[in-house]
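Chemist: Starting from these lines, generate the structure:
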Amino acid sequence: MDNNQLEVRLAQNEADIRAAQRLRYEVFVEEMGAHADAQSRKDRLESDAFDPYFDHLLLIDNAVGQVVGAYRLMREDMAANGIGFYGAQEYDFSKLAGRRALELGRSCVAKNYRGGLGMHLLWEGLGDYVNRHKIDILFGVASFRGTDPTPLLPALSYLHHHYLAPEDLRVRSKAYVPLNQLEADKVETKAALRHIPPLIKAYLRFGGFVGDGAFIDQEFNTLDVCLLMDTGRMVQRYKDFYARERS
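Modeler: Numbers count the residues shown, from 1 in each chain. Below you'll find the predicted structure:
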């Protein structure tokens, strides 16, 4: 790809948002098996009542004129003036009150753009947004595919033992599924890491933590954890990581 082929920007109009919703349908419904009602299947759009209250960060392939990556972004002031944070359906975020917080959600990249430049560009765009709005805390639910926690116990226990958030950030699941179901010495690291999705690994690499407990989302056919990051630490780790990738 040449330098002008991929572009990252915020959605500017309803057509941009619908393009993101179309990509989300392909990823979350067709790939991951999320529930979709008849109208959503007809329109091939994954949408909800929260969409109008979010900023939508887009990755666009200008060569084909398509949105090939997307993020939903909601600042604390947007949540307070709207319908609240999406993740508040799953987690108690009272510990984040008064913080300059940003909720991330519906992160997805089209199949042919994964594992390469596209995700880096989305993270750069996210970094610009964070700096512009002076965000202190990034957070959002991230998903394991499937709703049965049993095969995920090594991965969930590994997250608890190695990445549990500090007390002041330790938000708690409202329908509590404990992460800590295996003792630390019973967790085989390689097996655990095999089950942790790449996006969660990326957040952890950049300094992320997990909240207390998981949440089973039957509608999306996922088991969710809440990821939280202090942006000062995350941005520096990301800059170091990105510099290594470019060198």
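
Chemist: all helices of the protein, in order?
Modeler: Applying DSSP state H to the chain gives helices spanning 14-24, 38-43, 76-81, 117-132, 153-163, 189-194, 198-205, 231-246.

Chemist: Pick the most deeply packed of those helices.
Modeler: Each of these was scored by mean neighbour count; the highest is helix 153-163, a mean of 20, by mean count of other Cβ atoms under 10 Å. Quick note: C-beta positions are derived from backbone N, CA and C, even for glycine.

Chemist: List of residues touching that one?
Modeler: Helix 153-163 has contacts (Cβ atoms under 8 Å, 6 or more residues apart in numbering) with 144, 149, 179-184, 186-189, 191-193, 195-196, 204, 208-210, 214, 225.

Chemist: Next, the angle helix 198-205 makes with it.
Modeler: Relative orientation of helix 153-163 versus helix 198-205 (axes from the mean of the first three to the mean of the last three Cα atoms, to 10 degrees): 20 degrees.

Chemist: How far does helix 153-163 sit from its chain's centre?
Modeler: Helix 153-163 sits 18 Å away from the centroid of its parent chain (Cα atoms, centre = their mean, to the nearest Å).

Chemist: circling back: going by mean pLDDT, which of the helices of the chain comes out lowest?
Modeler: Ranked by mean pLDDT, the helices of the chain end with helix 231-246 at the bottom, a mean of 59.

Chemist: Please report the distance of the residue lying farthest from the centre of the chain from residue 164.
Modeler: Distance from the C-alpha centroid of the chain peaks at residue 185, with 29.2 Å (Cα atoms, centre = their mean). Noted for residue 185: a distance of 17 Å to residue 164, by Cβ to Cβ, to the nearest Å.

Chemist: same check, this time on residue 127
Modeler: For residue 127 relative to residue 164 (Cβ to Cβ), the value is 25 Å.

Chemist: Residue 102 too?
Modeler: Separation of residue 102 from residue 164 (Cβ to Cβ) stands at 21 Å.

Chemist: Look at these two and report which has more neighbours.
Modeler: Shown here are residue 102 and residue 164; by other Cβ atoms under 10 Å, residue 102 has more neighbours (25 against 16).

Chemist: quick one: contacts for the more buried one?
Modeler: Each residue near residue 102 by Cβ under 8 Å, 6+ apart is listed here: 73-76, 129-130, 133, 135, 137-139.

Chemist: repeat for residue 9
Modeler: Counting by Cβ under 8 Å, 6+ apart, residue 9 touches 57-58, 60, 125.

Chemist: Quick check: chain neighbours aside, which residue is closest to residue 60?
Modeler: Among residues not flanking residue 60 along the chain, residue 7 sits closest, at 4.7 Å (Cβ to Cβ, 6 or more residues apart in numbering).

Chemist: Correct me if wrong: that neighbour contacts residue 66.
Modeler: No. If you go by Cβ atoms under 8 Å, residue 7 and residue 66 don't touch, sitting 11.3 Å apart.

Chemist: so what's in contact with these two at the same time?
Modeler: With Cβ under 8 Å, 6+ apart as the test, residue 7 and residue 66 both reach residue 60.

Chemist: Fine, thanks again, bye for now.
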